[in-house]
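Peer 1: Need a 3D model of the sequence below.
(3 chains)
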Amino acid sequence: MSAVEIIIPVQDYHLAATLDSGQAFRWQRRNTAWTGVIHRHWVRLEAVDAGLRATTADPVPDWRWLTDYLQTGVDLTAVIKAFPEDAPLQQAVAACRGLRLLRQEPWECLASFMLSSTKQIVQIRQIIALLCERHGTAVPVPDGEPPAFAFPTPEQIAGLGEAQLRACKMGFRAPNLLDAARRIAEGGLDLERWRTRSHAEARAELMQLRGVGGKIADCVLLFAGGFNAAFPVDVWIKKALQELYFPRRRASDKRLQHFAATHFGPQGGYAQQYLFHYRRTMK
DNA sequence: CTCCAGGCGCCTT
DNA sequence: AAGGCGCATGGA
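Peer 2: This next block holds a predicted model:
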């Protein structure tokens, strides 16, 4: 099978930071290139002077599935201009300039973050890899590439037993994932519909799922829904906010939540991603 | 060995 | 309202 490639013209795009900053869990680095699966497309990405070089397994008539995912049309300068001008944030931006938010598929994003609670990122990646290998549909890959799989659909997961999910090492998260898959497969929740709703409505709807609280809902709103004000507060962000913004006195979780929701403005989710990556990689 | 991980739900004060 | 605890599993 012959590969096809294009160059996506874009500047100020830090591919490695973007694909390895804990927002997506399936990208694999090989030297300077990254391989992954988006929808049902295997793709290899590499940063070049003119932008990003993308290689696929099959000819592609329309590349929007990729440019939407990578958000190459976003004006990063305008995003960063909307940040509050405080020293910690400027420092985080300087440390990983070009970090972007992806626009992921809602179901893969929701399922991935349902599997993320009290897990290290390496373990989340392992669980998701097992789930895809065992229960996802194989996708075409170029000659010589290892097999690759689409993320299992809600229907595919809804057809499994809890034991098959537990065999993918997800532990107590298995029944929650199964419930969510069934609700979606049966039409009880439409992940495309909440994307057209208000931030608060969409958040409330996601949180009706067992195993989805505020943090996971915020991740899905931000990484798949395009609600850029969503600000997921996890253990890393708590550490970052405590150390960078409240160095003298200990701030309660309540205080940190309130600060996160009010200080960072309409692009707070982007700010969060810079602080998260900064805290996770620089210290 | 112990501690904790991109949390959540439920139980006590 | 705020804090404590168990939950599966496996790095560190």
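
Peer 1: In chain A, what residue comes closest to DNA strand B?
Peer 2: As assessed by C-beta to the nearest atom of the strand, DNA strand B sits closest to A:G213 within chain A, at 2.5 Å. Where C-beta positions appear, they are placed from N, C-alpha and C, glycine not excepted.

Peer 1: and the closest residue to that residue other than its chain neighbours, what pLDDT?
Peer 2: Counting by C-beta to C-beta, 6 or more residues apart in numbering, A:M207 is the residue found nearest to A:G213 once chain neighbours are left out, at 6.5 Å. Looking at A:M207, its pLDDT is 98.

Peer 1: One more: A:A24?
Peer 2: 98.

Peer 1: any idea where the strands of chain A begin and end?
Peer 2: Using DSSP state E, the strands of chain A run over A:4-9, A:28-30, A:33-38, A:41-48, A:51-56, A:138-139, A:148-149.

Peer 1: how about the residues of the stretch 1-150 of chain A that lie near DNA strand B?
Peer 2: Within the stretch 1-150 of chain A, the positions near DNA strand B by C-beta under 7 Å from any atom of the strand are A:21-23, A:113, A:116-124.

Peer 1: Just the buried residues of these.
Peer 2: A:S21, A:G22, A:Q23, A:F113, A:S116, A:S117, A:K119, A:I124 (16 or more other C-beta atoms under 10 Å).

Peer 1: residue contacts, A:Q28?
Peer 2: Listed by C-beta atoms under 8 Å, 6 or more residues apart in numbering, the contact set of A:Q28 reads A:W34, A:T35, A:G36.

Peer 1: run the last query once more with 10 Å
Peer 2: Contact partners of A:Q28, counting by C-beta atoms under 10 Å, 6 or more residues apart in numbering, are A:L19, A:D20, A:W34, A:T35, A:G36, A:R44, A:R125, A:A129, A:P146, A:A148.

Peer 1: again with A:R166
Peer 2: If you count contacts by C-beta under 10 Å, 6+ apart, A:R166 has them with A:F172, A:R173, A:A174, A:P175.

Peer 1: Pick out the residue in chain A sitting closest to DNA strand C.
Peer 2: A:G171 (2.7 Å).
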